[in-house]
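>>> With the sequence up front, the predicted model follows.
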Amino acid sequence: MCPAGAGLVIELLPDLTDLARSLPSESTQQAVGYPSLFLLVMLGSLVPVVPTGAVVSSAAAVAVHQSAPPLSLLVVFAVASLAAFLGDVVLYWLGGRGVRSRNGSRRLARIQDRAAPERLAQAEARLTEHGVAVLVLSRLIPAGRIPVMLACLLARMPMRRFVRGAGPAAPAWAGTYQLIGILGGSLFREPWEGVAAAVLLTVAISTAPSLWRRRRSRRTASSEPAG
């Protein structure tokens, strides 16, 4: 999740908790919640501003309090994994069209705008060293997916090879954020409290690396004049 997405989650947290407090019946939750989860995660894969990690962890926190938690959690995991995988494949396909086009495309330009040059250079080096395995790690690192995907596009990686990496990457990502939701939902009796805890945990985990990088860059910049 990017910092902008984390800020959006913080702004929406009161609305999420209010919504969770007034949750409808379990059958209604499942009929509405699973399609909504699929659409939000897939949309978030295409538009990284959408806080997909918080969406998955919130769904898992609610599933913990349902009558059959194992089955509900399994469905949440399957839906989130499939949506993340399809979103990555669609985004890579759109970016690939831009790479093959002589004039490029708006989608490819947007992907390039989201990847800082230094992050792209790191992604290209890791892709050369580890191959498609780096796609799994990029999904687990906040803001790491786009630079690696752009590196794959610029290297003109075939779709079949990209799918081999994106296939296991999506379940690994969904399982990670589902564990956060399970932890948040297990700590409290009320579902809305579990949703709030899961969202806060997701925001903390997602923003910690970017905050650490900013602090490190400031320290490096302040030490260069002295050097």
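Cool, got the structure.
>>> gap between residue 155 and residue 115?
Shown here: residue 155 relative to residue 115, a distance of 14 Å by C-beta to C-beta, to the nearest Å. Placement of C-beta: from N, CA and C, glycine included.
>>> Spatially nearest residue to residue 92, not counting backbone neighbours?
residue 162 (5.4 Å; C-beta to C-beta, 6 or more residues apart in numbering).
>>> so who does the one you found touch?
By C-beta atoms under 8 Å, 6 or more residues apart in numbering, the contact list for residue 162 reads 89, 92, 132, 135, 152.
>>> likewise residue 182?
Going by C-beta under 8 Å, 6+ apart, the list of residues near residue 182 reads 60, 61, 64, 73.
>>> what's the closest of those to residue 124?
residue 60 (34.0 Å; C-beta to C-beta).
>>> my read: that closest one touches residue 73, true?
Yes. Counting by C-beta atoms under 8 Å, residue 60 does reach residue 73; the two are 6.2 Å apart.
>>> quick one: which of those two has more around it?
Per other C-beta atoms under 10 Å, whichever of residue 60 and residue 73 has more neighbours is residue 60, with 30 against 19.
>>> Tell me how far residue 204 lies from residue 143.
From residue 204 to residue 143 the distance is 15 Å (C-beta to C-beta).
>>> helix or strand right after the host helix or strand of residue 135?
Assigned by DSSP states H and E, residue 135 belongs to helix 134-140. Per DSSP H and E, the first helix or strand lying C-terminal to helix 134-140 is helix 145-154.
>>> which element follows that following helix toward the C-terminus?
Next in sequence after helix 145-154, counting helices and strands by DSSP H and E, comes helix 159-186.
>>> Report the angle between that next one and helix 145-154.
Using axes from the mean of the first three to the mean of the last three C-alpha atoms, to 10 degrees, the direction of helix 159-186 lies 170 degrees away from that of helix 145-154.
>>> buried stuff in helix 159-186?
Of all the residues in helix 159-186, those buried under the rule 16 or more other C-beta atoms under 10 Å are 162, 164-171, 173-174, 177-178, 180-185.
>>> Between the two ends of stretch 129-146, how far is it?
One end of stretch 129-146 sits 18 Å from the other (C-alpha to C-alpha, to the nearest Å).
>>> and it, how far from the chain's centre?
The gap between where stretch 129-146 is centred and where its chain is centred comes out at 12 Å by C-alpha atoms, centre = their mean, to the nearest Å.
>>> could you give me the average pLDDT of that stretch?
Confidence for stretch 129-146, expressed as mean pLDDT, is 84.
>>> Make residue 1 into 6 and carry on from there
Sure, I'll start numbering at 6, so the last one becomes stretch 134-151.
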